[in-house]
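Colleague: please work out how this folds:
(one chain, ligands or ions: 1)
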Amino acid sequence: MAAMKRLFLKASPLPSSAINCLKRCISTAAVSETTKSPSYPLGSLPPRSDPKLRNVQWVFLGCPGVGKGTYASRLSSLLAVPHIATGDLVREELSSNGPLSHQLAEIVNQGKLVSDEIIINLLSKRLEAGEAKGESGFILDGFPRTIRQAEILDEVTDIDLVVNLKLPESVLIEKCLGRRICSECGKNFNVASINVKGENGNPGISMAPLPSPPQCVSKLITRSDDTEAVVKERLRIYNEKSQPLEDFYRNQAKLLEFDLPGGIPESWPKLLEALNLLDYHEEKQSAAA
Ligand SMILES: Nc1ncnc2c1ncn2[C@@H]1O[C@H](COP(=O)(O)OP(=O)(O)O)[C@@H](O)[C@H]1O
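Modeller: Okay, here's the model as predicted:
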């Protein structure tokens, strides 16, 4: 396995061994064919009464700072499937000071994309670790990010649904600059207070800050790539490399577009509604009460 991983990193273009490794990892992370659901209307899930029929292999798309991590993580808890964010995998690798750290730091701090080989290697490792813990299904956040990555994903598995979160660009920049992360628990908070007036028929948007609990206050850090210049470069790269994914998945009739109406209190119930999960969420909440 280690030799295969080394091969990943040396070879270019992406070798078939890399794709095979992802295929093996992803097929075990996914629900097995026998429990896979037939196709359901976009955004809907099989009836909750038969959890075996649940088939969650979702992708979250959206610009930097839109809130992919926040909503993917909430849905992952609700649906009991792992939330796998390739940005987190990259940051873990960076902080491990392993052999890739130096190379990754340079790329990430310029707002550029890491190579497909490195990302697929990190994703395969994460899926393997999940496989060992008996995980099934997934919500991918930050992958795929290029048409090539989406084609590779298509070669290895079936994605059921792609949620595309959207916010105006001025809000995205403010949100990235206001983002704070607890270096201990890893949770994201935000100090930005956003109030954008509606213009040209577009509705205004207000988002209250998302404060950290007292135990995290002294441990808050800012991501090194959340500076204004790097955020602008990440947005430029998103528009160039990742936005074409919207058409890719639209053509497959898998894309669910979701314009965030505001902060979490307004957006979360609306997103649940768009995903036909509002009743399921309420049932789970009353069962837990
Ligand atoms: N699928 C991917 N392909 C290439 N690079 C990636 C991928 N996912 C994450 N990265 C790298 O990790 C960085 C941080 O990712 P992420 O946390 O998803 O950022 P963002 O807030 O820009 O969506 C990216 O700027 C990029 O350098």
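Colleague: please make it C-alpha for all contacts and neighbour counts, starting now.
Modeller: Noted.
Colleague: show me where the chain dips below the pLDDT cut-off.
Modeller: 1-54 (pLDDT under 70).
Colleague: can you pull up the most central residue in it?
Modeller: Geometric centre of the chain, nearest residue: residue 141, 1.2 Å, by Cα atoms, centre = their mean.
Colleague: just the C-alpha atoms of the helix or strand encompassing residue 267, please, in PDB.
Modeller: Following DSSP states H and E, one finds residue 267 within helix 264-274. C-alpha atoms of helix 264-274 as PDB (Å, rounded to 0.1, in the frame of the first residue of the first chain):
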ATOM      1  CA  ILE A 264     -27.800  29.400   9.700                       C
ATOM      2  CA  PRO A 265     -31.200  30.200  11.500                       C
ATOM      3  CA  GLU A 266     -32.800  31.200   8.200                       C
ATOM      4  CA  SER A 267     -30.900  28.900   5.800                       C
ATOM      5  CA  TRP A 268     -30.800  25.500   7.700                       C
ATOM      6  CA  PRO A 269     -34.600  24.900   7.700                       C
ATOM      7  CA  LYS A 270     -34.900  26.100   4.100                       C
ATOM      8  CA  LEU A 271     -32.100  23.700   3.000                       C
ATOM      9  CA  LEU A 272     -33.800  20.800   4.900                       C
ATOM     10  CA  GLU A 273     -37.000  21.700   3.100                       C
ATOM     11  CA  ALA A 274     -35.300  21.800  -0.300                       C
END
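Colleague: sketch out the strands for the protein, chain order is fine.
Modeller: Counting by DSSP state E, the chain has strands at residues 57-61, 83-85, 138-141, 161-166, 179-182, 188-190, 194-196, 205-207, 220-221, 255-259.
Colleague: chain center to the shortest one, what's the gap?
Modeller: Chain-centre distance of strand 220-221: 21 Å, with Cα atoms, centre = their mean, to the nearest Å.
Colleague: cool, the first one as well?
Modeller: Relative to its chain's centre, strand 57-61 lies at 7 Å (Cα atoms, centre = their mean).
Colleague: count the neighbours of whatever residue of the stretch 151-289 of the chain ends up closest to the ligand for me.
Modeller: Residue of the stretch 151-289 of the chain nearest the ligand, by Cα to the nearest ligand atom: residue 234 (5.8 Å). The number of residues packed near residue 234 is 22, by other Cα atoms under 10 Å.
Colleague: ok, residue 109 next?
Modeller: Residue 109: 16 neighbours (other Cα under 10 Å).
Colleague: so who does it touch?
Modeller: 224, 225, 230 (Cα atoms under 8 Å, 6 or more residues apart in numbering).
Colleague: redo the strands of the chain as TSV? Include distance to the ligand.
Modeller: Below are the strands of the chain laid out as TSV (distance: least, Cα to the nearest ligand atom, whole Å):
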stretch	distance to the ligand
strand 57-61	9
strand 83-85	7
strand 138-141	7
strand 161-166	11
strand 179-182	10
strand 188-190	11
strand 194-196	18
strand 205-207	18
strand 220-221	14
strand 255-259	16
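Colleague: OK, contacts around residue 216?
Modeller: Residue 216 is in contact with 182, 184, 185, counting by Cα under 8 Å, 6+ apart.
Colleague: mind checking which of these are buried?
Modeller: Among those, those classed as buried by 16 or more other Cα atoms under 10 Å are residue 182.
Colleague: and the biggest helix by length in the chain, how far out from the chain's middle?
Modeller: When the chain is parsed with DSSP state H, its longest helix is helix 116-132. Relative to its chain's centre, helix 116-132 lies at 15 Å (Cα atoms, centre = their mean).
Colleague: one more: stretch 225-234?
Modeller: Centre to centre, stretch against its chain (Cα atoms, centre = their mean), the figure for stretch 225-234 is 19 Å.
Colleague: same question for stretch 61-75.
Modeller: With Cα atoms, centre = their mean as the basis, stretch 61-75 stands 6 Å off its chain's centre.
Colleague: quick one: buried residues of it?
Modeller: 61-69, 71-73, 75.
Colleague: what does the stretch 1-150 of the chain put close to the ligand?
Modeller: Selection of the stretch 1-150 of the chain residues close to the ligand by Cα under 6 Å from any ligand atom yields 63-65, 86-88, 90, 107-108, 111-115, 119, 142-145.
Colleague: drop anything exposed from those residues.
Modeller: Using 16+ other Cα under 10 Å, the buried members of those are 63-65, 86-87, 90, 108, 111-114, 119, 142-145.
Colleague: picking that back up, return the member of the buried residues of stretch 61-75 nearest to the ligand.
Modeller: Minimum separation from the ligand among these (Cα to the nearest ligand atom) is found for residue 64, which lies at 3.8 Å.
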